[in-house]
Each structure stands twice: as structure tokens, then as C-alpha cells.
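Asker: Turn this into a structure:
(one chain, ligands or ions: 2)
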Amino acid sequence: MDSTCCSKTRNPFTGVEANAVGVQVAGISKSYSGVEVLTNLNFEVQPGEIFVLMGPSGSGKSVLLRLIAGLESPTSGTVTVDGQDPCLEETRDRVRLALVFQAGALFNSLNVYDNLALYPREHRSGDEKSIREKVMHALKILSVEDAVNKFPSELSGGMKKRVSIARALVMEPQLLLYDEPTSELDPVMSATISEIIATLKNEYSVTSIVVTHDRSLALTIANRVGILMDGKLITLGTPEELKATKDPKLIDFLHPKIDLQNPRFKKLETQEPK
Ligand SMILES: Nc1ncnc2c1ncn2[C@@H]1O[C@H](COP(=O)(O)OP(=O)(O)O)[C@@H](O)[C@H]1O
Ligand SMILES: [Mg+2]
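Answerer: Ligands and ions are numbered 1, 2, ... in the order given. Below is the predicted model:
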């Protein structure tokens, strides 16, 4: 077994110890039916980092997350997680990677306990007693123990998100990928989720890649933020660098102004449909 998987070193960049894994994205492009949706992306995510990806709707954020999760392959270029192709079975056996889907992706027919116990049961990781301990521990971290016997349809939006994160934690992930974890939540619950993501990084050894529209999440808890527009990574930097940007396109994206004299939707009408 490759020893890099579980090396217990402290990452100088993030200060996180233990077995978080890094991600390398090298020259990747992705096309569907000849239409390119991601163009020549290059970046690395450090072990233990909180790396946030922002960008307008349709800019390719979810596609990029699926490529990193190994659910799809790039058309060209390479993605590696801890140096390995995430699409390969052997990588999935070796590196624990969990994706928190935008819609939660909980099984409606199972209660919260069974949703969380599904992965450890399938992977035969321990007897039912140790699975119960893991499940209850994860629910406790997210302060949703009370939901253990409820079905997903009985949960509020914020609880659903927290249960989805708890389900990912049961997998004891080394890499956590979040797709819009605060979408459809009120500002207070969004701040709570941001705090949870930051806490998980500090208390556990996990690398986090977070796709979001949530500017306050990005500028508060990220180590670095990348901005995707039309499938291209137009900038990559620390929250401080982003806050100090003079680039009008970035300023407009981060602080869009409502301009009733010159409304945006009038400009949209004159653009060719994509
Ligand atoms: N499976 C697919 N087949 C064809 N086109 C896709 C597929 N998945 C995503 N796309 C297209 O790729 C672009 C980026 O999508 P996506 O990554 O979902 O955007 P977002 O940044 O909103 O998450 C969109 O134009 C979308 O229609
Ligand atoms: Mg998306």
C-alpha cells in the first residue's frame, strides 16, 4: 500500500495534521457532445485546505466537482486525488472521499439513522454497535441527534443539509466535496453551515472543496477561492487578495449592484442565447 495515503504530517499551509489528501487538477477540459464547458483548468488543493469555488450559474462548478469526485472523466488533462486517478476503483478503495450533494441526496424511504448507517453497513466497517456509535457521533457533531428517527421529508432545509454532512462524516472522509451547502438556507443557517465546515477542517483531518454562491462563506472560511466563469478559472487567491481586487468583472461578481437606470436583464435580451 502506498504510504502517502496515511502520512501523519502537518500541512504548513493549513496547519492541519494527519491524513487529509491533496488534489491536483492539470490542464483539464471537459466537453459534452462537442460543447466545451471547462477549459484548461490548472490548480492544486493542499491537504487540509478549505478551497472554495465560486462562479455564476452554469460556469461549470458542479461538473468540476464531479470530475474531482471521479464520477466522470475529463475530456483532456488529468485530475488526481492523492496522486491517483479518482475514477479508478483502487483509488476509491484507498482514499475516502465524500460528496455532499446540493439537494442532500438522502434516501426518502430510510430514516436518518439508516441513511447514515448505509455506507458502513455496505462496507462492513464494524458491527452494528460500532456503526451506531459512529452515526450518533456524526449526528452529535452536527447537532442533529434529535432527527435520528425522522424521515428526510420531516426535516427542515437546514436539518437536511446537516444530516447530509453527518452522512459524509460517517465515511470518515479524507476529502469532502460540498456542492452549494448553503443554497436555499436563511442567512443564519448559512452562517452555521460555514462554521461547521470550518470546524470540521480544524478538528478533523479533512480537505474541503466547497462550491458556493455564498460570498460570506467564501471570504470568511476559505484558505483560497477560485472563480470560474464560462468554464475558465479567471482568478485564484486568498480571500484578502479577492477583497482587494481592482478587476471590474470580479467586483461586479462579488458585489453586484442593482441598477434600475441600466438594468442587467435588458442587456441579457441583446445577448445571443448560449
Ligand atoms: N451531463 C451533462 N451533459 C451535457 N451538458 C452538461 C452536463 N452537465 C453539465 N452540463 C453543462 O455544463 C455547463 C456547466 O454546468 P454546471 O457545472 O452544472 O454549472 P454550475 O456552475 O451551475 O454548477 C452547463 O452549461 C450545463 O448545461
Ligand atoms: Mg451546480
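
Asker: any idea which element Val25 lies in?
Answerer: When secondary structure is defined using DSSP states H and E, the element that contains Val25 is strand 23-32.

Asker: so does that strand get close to ligand 1?
Answerer: Yes - in terms of C-beta under 6 Å from any ligand atom, part of strand 23-32 sits within range of ligand 1, namely Tyr32. All C-beta atoms are positioned from the backbone trio N, CA, C, and that covers glycine.

Asker: Report all helices and strands that that strand contacts.
Answerer: Using 3 or more C-beta pairs under 8 Å, 6 or more residues apart in numbering; DSSP states H and E as the contact definition, the elements that strand 23-32 packs against are strand 35-45, helix 61-69, strand 76-81.

Asker: Deepest-packed of these, please.
Answerer: Mean neighbour counts were taken over those using mean count of other C-beta atoms under 10 Å, and the top value, a mean of 21, falls to helix 61-69.

Asker: got the angle for it vs strand 35-45?
Answerer: Orientation of helix 61-69 against strand 35-45 (axes from the mean of the first three to the mean of the last three C-alpha atoms, to 10 degrees) gives an angle of 60 degrees.

Asker: CA-only coordinates of helix 61-69, as CSV, when you get a sec.
Answerer: Below are the C-alpha coordinates for helix 61-69, written out as CSV (Å, rounded to 0.1, in the frame of the first residue of the first chain):
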residue,chain,number,x,y,z
LYS,A,61,-18.7,24.3,-10.9
SER,A,62,-20.7,21.1,-10.4
VAL,A,63,-19.0,19.5,-13.4
LEU,A,64,-15.6,20.2,-11.9
LEU,A,65,-16.7,18.7,-8.6
ARG,A,66,-17.9,15.6,-10.4
LEU,A,67,-14.5,15.3,-12.1
ILE,A,68,-12.7,15.6,-8.8
ALA,A,69,-15.1,13.0,-7.2
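
Asker: check whether it contacts ligand 1.
Answerer: Yes - using C-beta under 6 Å from any ligand atom, helix 61-69 reaches ligand 1 at Lys61, Ser62, Val63.

Asker: per-residue confidence averaged over that helix?
Answerer: When pLDDT is averaged over helix 61-69, the result is 96.

Asker: ok, now stretch 142-149?
Answerer: Per-region confidence: stretch 142-149 scores 92 on mean pLDDT.

Asker: follow-up on the earlier one: would you mind saying which of the helices and strands packed on strand 23-32 lies nearest Ser109?
Answerer: helix 61-69 (24.3 Å; C-beta to C-beta).

Asker: Understood, closing this out.
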